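> Need a 3D model of the following:
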Amino acid sequence: MSIETDSEAPLNLRLTETEPAVGLRAVGALHRLAERVEAAHVTAARRAGWSWEQIGDALGVTRQSVHAKYGKKDV
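Residues are numbered from 1 along each chain as shown. I've put the predicted structure just below:
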(Lines give C-alpha, C1' and ligand atoms only; values in the text may rest on other atoms or scores of the structure.)
Protein backbone atom coordinates (compact mmCIF):
# COMPACT_ATOMS: atom_id res chain seq x y z
CA MET A 1 0.00 0.00 0.00
CA SER A 2 1.26 3.45 -0.71
CA ILE A 3 -0.04 6.67 0.71
CA GLU A 4 0.37 9.86 -1.25
CA THR A 5 -0.15 13.36 0.03
CA ASP A 6 -1.91 16.02 -1.96
CA SER A 7 0.69 18.74 -2.55
CA GLU A 8 -1.84 21.51 -1.92
CA ALA A 9 -3.17 19.98 1.31
CA PRO A 10 -0.51 17.82 3.01
CA LEU A 11 -3.02 16.35 5.46
CA ASN A 12 -5.28 15.19 2.63
CA LEU A 13 -4.16 11.63 1.90
CA ARG A 14 -5.00 9.49 -1.10
CA LEU A 15 -4.67 5.74 -0.69
CA THR A 16 -3.45 3.98 -3.80
CA GLU A 17 -3.94 0.37 -2.61
CA THR A 18 -6.79 -1.34 -4.39
CA GLU A 19 -6.85 -4.53 -2.28
CA PRO A 20 -9.35 -4.03 0.58
CA ALA A 21 -7.71 -6.65 2.82
CA VAL A 22 -4.42 -4.74 2.87
CA GLY A 23 -6.11 -1.46 3.72
CA LEU A 24 -8.30 -3.03 6.38
CA ARG A 25 -5.33 -4.70 8.06
CA ALA A 26 -3.59 -1.32 8.10
CA VAL A 27 -6.66 0.33 9.64
CA GLY A 28 -6.82 -2.39 12.32
CA ALA A 29 -3.14 -1.87 13.15
CA LEU A 30 -3.66 1.89 13.41
CA HIS A 31 -6.65 1.41 15.72
CA ARG A 32 -4.65 -0.88 18.00
CA LEU A 33 -1.74 1.57 18.08
CA ALA A 34 -4.06 4.51 18.82
CA GLU A 35 -5.66 2.57 21.71
CA ARG A 36 -2.24 1.82 23.23
CA VAL A 37 -1.08 5.42 22.89
CA GLU A 38 -4.35 6.73 24.37
CA ALA A 39 -4.17 4.33 27.33
CA ALA A 40 -0.58 5.31 28.08
CA HIS A 41 -1.44 9.01 28.07
CA VAL A 42 -4.60 8.56 30.14
CA THR A 43 -2.50 6.71 32.72
CA ALA A 44 0.11 9.47 32.68
CA ALA A 45 -2.56 12.15 33.04
CA ARG A 46 -4.15 10.38 36.00
CA ARG A 47 -0.75 10.00 37.68
CA ALA A 48 -0.21 13.72 37.13
CA GLY A 49 -3.47 14.44 38.97
CA TRP A 50 -5.73 15.18 36.02
CA SER A 51 -9.46 14.75 36.56
CA TRP A 52 -11.60 12.56 34.33
CA GLU A 53 -13.21 15.76 33.06
CA GLN A 54 -9.84 17.21 32.00
CA ILE A 55 -8.90 13.98 30.23
CA GLY A 56 -12.27 13.76 28.50
CA ASP A 57 -11.97 17.37 27.36
CA ALA A 58 -8.50 16.71 25.95
CA LEU A 59 -9.76 13.64 24.09
CA GLY A 60 -12.95 15.32 22.91
CA VAL A 61 -15.22 12.92 24.79
CA THR A 62 -17.24 13.06 28.00
CA ARG A 63 -15.69 12.40 31.39
CA GLN A 64 -18.18 9.56 31.79
CA SER A 65 -17.03 7.79 28.64
CA VAL A 66 -13.33 8.06 29.46
CA HIS A 67 -13.97 6.94 33.03
CA ALA A 68 -16.04 3.98 31.83
CA LYS A 69 -13.21 2.96 29.51
CA TYR A 70 -10.29 3.47 31.89
CA GLY A 71 -11.69 3.92 35.41
CA LYS A 72 -11.29 0.32 36.53
CA LYS A 73 -7.66 0.45 35.38
CA ASP A 74 -7.03 3.65 37.36
CA VAL A 75 -3.61 3.97 39.02
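> And the helices in this structure, which stretches?
20-47, 52-59, 63-70 (DSSP state H).
> Output these in CSV, with mean pLDDT and mean neighbour count appended to each entry.
Every C-beta, even on glycine, is put in place using the N, C-alpha and C of the backbone. What follows is the helices of the chain, written out as CSV (pLDDT from 0 to 100; neighbours: other Cβ atoms under 10 Å):
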stretch, mean pLDDT, mean neighbour count
helix 20-47, 96, 12
helix 52-59, 98, 16
helix 63-70, 97, 15
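> any idea how far the residue nearest in space to the middle of the chain is from Glu19?
Taking Cα atoms, centre = their mean, the centroid of the chain lies closest to Ala34, which sits 3.5 Å from it. The gap separating Ala34 from Glu19 is 23 Å, by Cβ to Cβ, to the nearest Å.
> what does Ala26 give?
Using Cβ to Cβ, one gets 11 Å for the distance from Ala26 to Glu19.
> What of Val66?
36 Å.
> just Arg63 next, same as before
Taken as Cβ to Cβ, the span from Arg63 to Glu19 is 41 Å.
> next one: Tyr70
The gap separating Tyr70 from Glu19 is 35 Å, by Cβ to Cβ.
> Kindly report the same for Ala39.
With Cβ to Cβ as the criterion, Ala39 and Glu19 are 31 Å apart.
> Kindly report the same for Arg25.
10 Å.
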